[in-house]
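Enquirer: the following block contains a protein sequence and its predicted model.
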Amino acid sequence: MLNSFFDKFIFTNTLHYTHNNFYLLNTPFAIVPVEILTGLTENLGKEEQKKVYESIKKSTKEKFVTGFAKSFGSDSKKEFEVTKDFFIASGWGKIDVIDFQMESKRTIIVLENSPFAQNQKEKNKSADVLARAVFAGLFSSIFSEDIDCVETECAAQNKERCKFVIKPKTEFDFSNPVVQEQLNAD
C-alpha cells in the first residue's frame with residue numbers, strides 16, 4: 001500500500017512501472033528528492049526564476065493537464081480535485097482551496113507542510129516557484145484564460161503555511177513589491 005490515491009490506480013492497473021519509468025494514466029512521472037527540485041530555482045536571479053515559472057506554467061497547462069487531468073473528462077472542478085489529490089499523494093503537502101470563484105476566475109489556495117518550504121526555511125525566502133507555476137498552469141486550463149499565481153505567504157519565511165492567490169495578471173496590484181518580484185509587469 002503506497003497511499004489511497006495511488007492504490008486505486010494500482011488496483012485499476014492505470015499506474016505502471018515500465019522500462020524503469022512510472023506512468024499514471026499514461027503520463028510519465030518521477031519520484032525526485034526535494035533538494036533537487038528546490039535546487040533548480042534557489043540560486044537563480046529574479047529574471048531566471050520568472051522564466052522557469054513561465055516554462056512550468058506553460059508545460060502544466062499544455063502538456064500535464066491535457067495528458068493527465070483531462071483523462072477525467074471536461075469537468076473543471078473534478079480536473080482540479082484529481083490534480084490536487086495527485087500532488088498531495090506525491091508529497092507536495094496538504095493543498096486546500098479556501099476561495100474558488102469560477103465566474104471571476106479567481107481562487108486562493110493554502111499549502112500546509114510544503115516540503116519545498118521546509119527545505120528552504122533556513123534561507124528565509126519564498127520557496128514555492130514550482131507550486132506557483134503548477135497552480136497558474138492548472139487554473140489557466142480550468143478557467144480557459146491566462147492566469148497567474150502569487151505566493152503571498154510562505155512557510156519558509158516563518159509563516160504558518162504557504163498561501164497562493166490565483167487570478168488574471170491584470171487583476172494583481174503591481175505596486176505591491178511581492179507581486180512585482182514574482183510576476184512580470186508586461
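Expert: Everything's here; your move.

Enquirer: could you use CA atoms for every contact and neighbour count after this?
Expert: Fine.

Enquirer: packing partners of the helix or strand hosting K50?
Expert: Using DSSP states H and E, the element containing K50 is helix 46-59. Secondary-structure packing of helix 46-59 (3 or more C-alpha pairs under 8 Å, 6 or more residues apart in numbering; DSSP states H and E): helix 129-143, helix 177-182.

Enquirer: deepest in the core, which of those helices is it.
Expert: helix 129-143 (a mean of 25; mean count of other C-alpha atoms under 10 Å).

Enquirer: just to revisit the earlier point, turn the helices and strands packed on helix 46-59 into JSON lines, including mean pLDDT and distance to I95.
Expert: Converted to JSON lines, the helices and strands packed on helix 46-59 look like this (pLDDT from 0 to 100; distance: least, C-alpha to C-alpha, whole Å):
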{"stretch": "helix 129-143", "mean pLDDT": "91", "distance to I95": "10"}
{"stretch": "helix 177-182", "mean pLDDT": "88", "distance to I95": "21"}
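
Enquirer: now these as CSV including distance to F22?
Expert: Converted to CSV, the helices and strands packed on helix 46-59 look like this (distance: least, C-alpha to C-alpha, whole Å):
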stretch, distance to F22
helix 129-143, 20
helix 177-182, 32
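
Enquirer: quick one: which of those helices is nearest F86?
Expert: helix 129-143 (12.3 Å; C-alpha to C-alpha).

Enquirer: tell me which stretches of this structure form helices.
Expert: Assigned by DSSP state H, the chain shows helices spanning 4-11, 34-39, 46-59, 65-67, 76-89, 115-120, 129-143, 177-182.

Enquirer: tell me the angle the longest one makes with helix 46-59.
Expert: Using axes from the mean of the first three to the mean of the last three C-alpha atoms, to 10 degrees, the direction of helix 129-143 lies 40 degrees away from that of helix 46-59.

Enquirer: for helix 129-143, give me every contacting residue.
Expert: 41, 49, 53-54, 56-61, 65, 76-77, 79-80, 102, 105, 146-151, 164, 166 (C-alpha atoms under 8 Å, 6 or more residues apart in numbering).
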